[in-house]
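Enquirer: Give me the fold of what follows.
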Amino acid sequence: MKYLRFNVDLAIPLPLDKNVAEALPGIQLAIRKLKSYAKRINEGKPNEEATVKATYHRCRNEEQLPCEPEQEI
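Expert: Predicted coordinates for the structure are as follows:
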């Protein structure tokens with residue numbers, strides 16, 4: 001089977017720019033819609049891939065603090 005795959009890892013500075021903050025709900029909704037179509041590659045096999053995953057978290061590495069827990073989108 002052929003797949004269209006997305007891998008995105010972004011570090012966006014806080015506090016969020018107003019335009020970014022306003023766009024986030026729509027972006028998260030679009031990601032959730034895409035996830036509803038996504039399939040796991042090699043599902044149930046030892047080489048199954050995590051191809052239905054979208055999360056975000058607040059990173060605190062710059063403050064020498066632990067990151068906040070990942071939240072599912």
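Enquirer: contacts, neighbours, all on C-alpha from now
Expert: Will do.
Enquirer: Ignoring the adjacent residues along the chain, who's closest to Cys59?
Expert: Across the structure, with Cα to Cα, 6 or more residues apart in numbering as the measure, the residue nearest Cys59 apart from its sequence neighbours is Cys67 (4.5 Å).
Enquirer: in which helix or strand would I find that neighbour?
Expert: Cys67 is part of no helix or strand when elements are defined by DSSP states H and E.
Enquirer: Just give me the neighbour total for it.
Expert: 13 (other Cα atoms under 10 Å).
Enquirer: mind checking pLDDT for it?
Expert: You'll see Cys67 listed with a pLDDT of 96.
Enquirer: again, but for Lys18
Expert: On pLDDT, Lys18 comes in at 97.
Enquirer: same question, Met1
Expert: 85.
Enquirer: and it, how far is that from Val52?
Expert: Distance of Met1 to Val52, computed by Cα to Cα, to the nearest Å: 16 Å.
Enquirer: Those two: who's more crowded?
Expert: Neighbours per residue (other Cα under 10 Å) separate Met1 from Val52, with Val52 holding more: 13 against 3.
Enquirer: My guess is that one contacts Lys39. True?
Expert: Yes - Val52 is within contact range of Lys39, at 6.4 Å (criterion: Cα atoms under 8 Å).
Enquirer: how about Asn19, secondary structure?
Expert: When classified by DSSP: H, G, I helix; E, B strand; the rest coil, Asn19 comes out as helix.
Enquirer: Number of residues surrounding it?
Expert: Counted with other Cα under 10 Å, the burial measure for Asn19 works out to 8 neighbours.
Enquirer: so who does the closest residue to Arg60 other than its chain neighbours touch?
Expert: Across the structure, with Cα to Cα, 6+ apart as the measure, the residue nearest Arg60 apart from its sequence neighbours is Cys67 (4.9 Å). Listed by Cα atoms under 8 Å, 6 or more residues apart in numbering, the contact set of Cys67 reads 57-61.
Enquirer: where along the protein do the strands fall?
Expert: 55-56, 71-72 (DSSP state E).
Enquirer: So Ala50 is in contact with Lys39, correct?
Expert: No - with the criterion set as Cα under 8 Å, Ala50 and Lys39 do not qualify as a contacting pair; they are 9.2 Å apart.
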